[in-house]
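In: Model the following, please.
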Amino acid sequence: MTTPDTPAPARSRTPHQLLPSVEQPASGAPRRNRRMRRTLAVTALFAAGALTLSACGGDASAGGNDDGKNGQAGADAAAAKNASDVKIKVSSEDGSTNASINDTGVKVTGGKLTEVKLTDADSGKDVAGAISADGTSWKPGVQLERGTKYRIVAKAKDAKGRAATENATFTTVSSANSFIGSYTPDNGKTVGVGMPVSFNFDKVITNKKDVQSHITVTSSSGQQVVGHWFGAQRLDFRPQDYWKAGSKVTMKIDLDGVKGGQGITGVQSKTVTFTIGRSQVSTVDMNTQTMTVKRDGKTFKSIPISGGSPQNPTYNGQMVISEKFEQTRMDGSTVGFKKKDGKGEYDIPDVPHAMRLSASGTFIHGNYWGPTSIFGNSGTSHGCVGLRDQKGGGGDTPGKWFFNESLIGDVVIVKNSDDQTIKPDNGLNGWNLSWSEWQAGSAA
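Out: Below you'll find the model as predicted:
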């Protein structure tokens, strides 16, 4: 078949092809018949030409031939009529290279999801996830990895059982182009009244105001909570005074998509809640080598201790228990106490009931190697606070009792030492800043 754009090849016509063949009349036949035959022949020629022109022009009125267009239109209309009403939306667009590691998901309208499969595009490993109870959304069960290519296939059906499928391949934001903050305390924990919220970011943050404004910390006690920056990678939050015992603290992290600086974007989106336990604040007096434990404002117990020696005094100030170890190794070489041969001035492989008070190595811990006479009488340590204990941590000892009665976030105050006050960023010890100093470090 030809079209106006592709004309049929020209055909040569011989004289006998121009007119249909007609029988020659007998001699003497009337001239009228000869004219009639010529008229009929010309009429036949015009009729044939008209048919030829109609075919080349594609006139739908000629022979019902529409070059398949009407047939395709009908098929399209039928397909549209039978199409599913369900609409599937994948949050990470197909082909995107900076997708969120938190907010990837699937939502549908006009129907319900029947299956969603998310896989690591390189390894083929499936990523667990769950469809919501109402069938209208899906979320992965774990946080996605940064800088990883994923493939997702989502299937759904509408109320009439008509199916629809959506496919997308995307790559999550790379580590080089994103920042993330490790934080404490963890979700669901019960902590002491001195426990701050502390973030440590894996990149230098220059856009501090926006980052801080996208982290909110509130307490059921109604206490005002303010953030304070220690340098460009640490942000802590606390109220003016210790948390109220029994209160609930909620931290909302909304950093996904927030610019932290040139070329780096946040990827976290999470809500964390924790509970403040009973109030326990213990005060160590280096003059008397005694620790007084107060529970909910009342004296609970008095314990003899052995603090830092005159050569290596213990820091003064308010310190927060940040870690607890039933047993740990303490090697002086790791905190600057070295002999000439490079070995530590001490190396005890099994220190019992150790609780960290500073990042630089200050602990309150059990001591089984010192004579009983030192406790309550003299400081003998390299700066730690020692309590009488047994090797292996067994028995009924002051070291074991205090360990069992303490929470992460409890406060230990040291006074009357010959050393300086501990710096507020050496551990979780921002309580050593006045409220006005603390507020001055806020970027909000």
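In: Count the neighbours of the residue nearest to D410 when sequence neighbours are not counted for me.
Out: Distances taken as Cβ to Cβ, 6 or more residues apart in numbering put G192 closest to D410, at 3.6 Å, once the chain neighbours are dropped. Quick note: C-beta positions are derived from backbone N, CA and C, even for glycine. Applying other Cβ atoms under 10 Å, we find 24 residues neighbouring G192.
In: In contact with G192, which residues?
Out: I276, G277, S279, Q280, V320, I321, S406, L407, I408, G409, D410, V411 (Cβ atoms under 8 Å, 6 or more residues apart in numbering).
In: As TSV, the residues you listed with neighbour count, distance to K209 and secondary structure would be great.
Out: Formatted as TSV, the contacts of G192 follow (neighbours: other Cβ atoms under 10 Å; distance: Cβ to Cβ, whole Å; DSSP: H, G, I helix; E, B strand; the rest coil):
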residue	neighbour count	distance to K209	secondary structure
I276	24	28	strand
G277	20	33	coil
S279	20	34	coil
Q280	23	36	strand
V320	26	27	strand
I321	26	32	coil
S406	19	37	coil
L407	19	33	coil
I408	22	30	coil
G409	25	28	coil
D410	26	33	coil
V411	23	30	strand
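In: which stretches of the stretch 1-150 of the chain have low pLDDT?
Out: Scanning the stretch 1-150 of the chain for pLDDT under 70 picks out 1-81.
In: try it again with 50
Out: 1-64 (pLDDT under 50).
In: Tell me the secondary structure of S436, please.
Out: helix (DSSP: H, G, I helix; E, B strand; the rest coil).
In: could you pull out the strands for the stretch 301-444 of the chain?
Out: Assignment of strands within the stretch 301-444 of the chain using DSSP state E, counting those that start in this stretch yields the ranges 317-320, 323-331, 347-356, 363-367, 385-388, 411-415.
In: same question, the stretch 51-200 of the chain
Out: 87-90, 106-109, 112-120, 126-127, 129-131, 137-140, 149-157, 163-171, 178-179, 181-184, 190-191, 197-201.
In: Between these, which one is closest to K244.
Out: Proximity to K244 (Cβ to Cβ) singles out strand 190-191 among those, at 12.8 Å.
In: gap between the closest one and the chain center?
Out: 24 Å (Cα atoms, centre = their mean, to the nearest Å).
In: Check stretch 391-398 too.
Out: 43 Å.
In: likewise stretch 411-429?
Out: Averaging C-alpha positions (Cα atoms, centre = their mean) puts stretch 411-429 35 Å from its chain's average.
In: still on that earlier bit, so which of the strands of the stretch 51-200 of the chain gets nearest M355?
Out: Among these, strand 190-191 comes nearest to M355, with 13.2 Å by Cβ to Cβ.
In: Tell me which strands that closest one pairs with, and in which orientation.
Out: strand 269-276 (parallel) (DSSP bridges).
In: Report the next helix or strand after the partner strand in sequence order.
Out: Tracing the chain past strand 269-276, the next element assigned as helix or strand by DSSP states H and E is strand 280-285.
In: Would you check that V127 makes contact with V142?
Out: Yes. If you go by Cβ atoms under 8 Å, V127 and V142 touch, sitting 6.7 Å apart.
In: for the strands of the stretch 51-200 of the chain, which one ends up most surrounded?
Out: Comparing the strands of the stretch 51-200 of the chain by mean neighbour count (mean count of other Cβ atoms under 10 Å), strand 178-179 comes out on top with a mean of 24.
In: now for that strand, which elements pack on it?
Out: The contact analysis (3 or more Cβ pairs under 8 Å, 6 or more residues apart in numbering; DSSP states H and E) places strand 178-179 against strand 264-266.
In: I'd like the mean pLDDT over the strand it packs on, please.
Out: The average pLDDT for strand 264-266 rounds to 95.
In: got a list of contacts for it?
Out: Here strand 264-266 makes contact (Cβ under 8 Å, 6+ apart) with 98, 173, 177-180, 203, 211, 214, 255-260.
In: What strands line up against that strand, and which way round?
Out: When DSSP bridges is applied, strand 264-266 pairs with strand 178-179 (parallel), strand 259-261 (antiparallel).
In: From D134, how far off is A159?
Out: In this view, A159 and D134 are 14 Å apart by Cβ to Cβ, to the nearest Å.
In: swap in S178?
Out: 32 Å.
In: same thing with Q233?
Out: From Q233 over to D134 the distance is 42 Å, taken as Cβ to Cβ.
In: out of these two, which sits in the busier spot?
Out: Counted by other Cβ under 10 Å, Q233 and D134 do not tie: Q233 has more neighbours, with 15 against 8.
In: Any idea what the closest residue to the more buried one other than its chain neighbours is bridged to?
Out: Of all residues not flanking Q233 in the chain, F201 sits nearest, at 4.7 Å (Cβ to Cβ, 6+ apart). For F201, the beta-bridge partners are G181 (DSSP bridges).
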